[in-house]
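# what's the 3D shape of this:
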Amino acid sequence: MHSSTAPPPQYATGVPTHHMTTPGEWSTGLCDCTKDMSSCCMTCWCPCITFGQIAEVVDKGTTSCGVHGALYSILCLFTGCQCIYSCMYRSKLRHQYMLTEQPCNDCLVHCCCEYCALCQEHRELKYRGFEPSLGN
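From the prediction side, this is the model:
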């Protein structure tokens, strides 16, 4: 008899629901934005919401999504340097889950690929069992 192995369970977004066993690896690549179309579209149109959700989860709810999103928007509108704020949260996320700094340092990732970085971070939190849109 032929034995087949079922694929791992996944969200409807294609992001696996199980926890990673290898520290240091991101669950998806920086340019895998279309693996979760809902967060990809949200980030494309309202990156402040995606960032706010990420920051709220990374900060363990000490500050709300709305506050982080508003600060991100203000920085974007008045300075264009919101990537400096968001790269700090990429670093926090990496340290919490022992993820590698790839493909380059956090500030460079956010300065050159802001939306891709936000999408990757959002997918990573989903992969780890969080639901960023609910703040948990």
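# can you pull the contacts of the residue most central in space within the chain?
With distances taken as CA atoms, centre = their mean, the residue of the chain nearest its centroid is residue 121 (1.5 Å). Residues in contact with residue 121 (CB atoms under 8 Å, 6 or more residues apart in numbering) are 54, 89-90, 93. From N, CA and C alone the C-beta is placed, and that goes for glycine too.
# tell me how far stretch 98-106 lies from the chain's centre.
Centroid separation for stretch 98-106 versus its chain: 13 Å, with CA atoms, centre = their mean, to the nearest Å.
# swap that for stretch 44-52, sorry
The answer for stretch 44-52 is 11 Å, by CA atoms, centre = their mean.
# what does stretch 24-31 give?
Using CA atoms, centre = their mean, the offset of stretch 24-31 from its chain centre is 10 Å.
# repeat for stretch 44-54
Counting by CA atoms, centre = their mean, stretch 44-54 comes out at 10 Å from the chain centroid.
# check stretch 108-120 too.
Chain-centre distance of stretch 108-120: 9 Å, with CA atoms, centre = their mean.
# which residues are contacting it?
26, 28-33, 36, 39-40, 43-44, 47, 50-51, 54, 82-84, 86-87, 90, 103.
# mark which of the residues you listed are part of helices, please.
39-40, 43-44, 47, 50-51, 54, 82-84, 86-87, 90 (DSSP state H).
# sketch out the low-pLDDT regions of this structure for me.
Applying pLDDT under 70 to the chain flags the ranges 1-23, 135-136.
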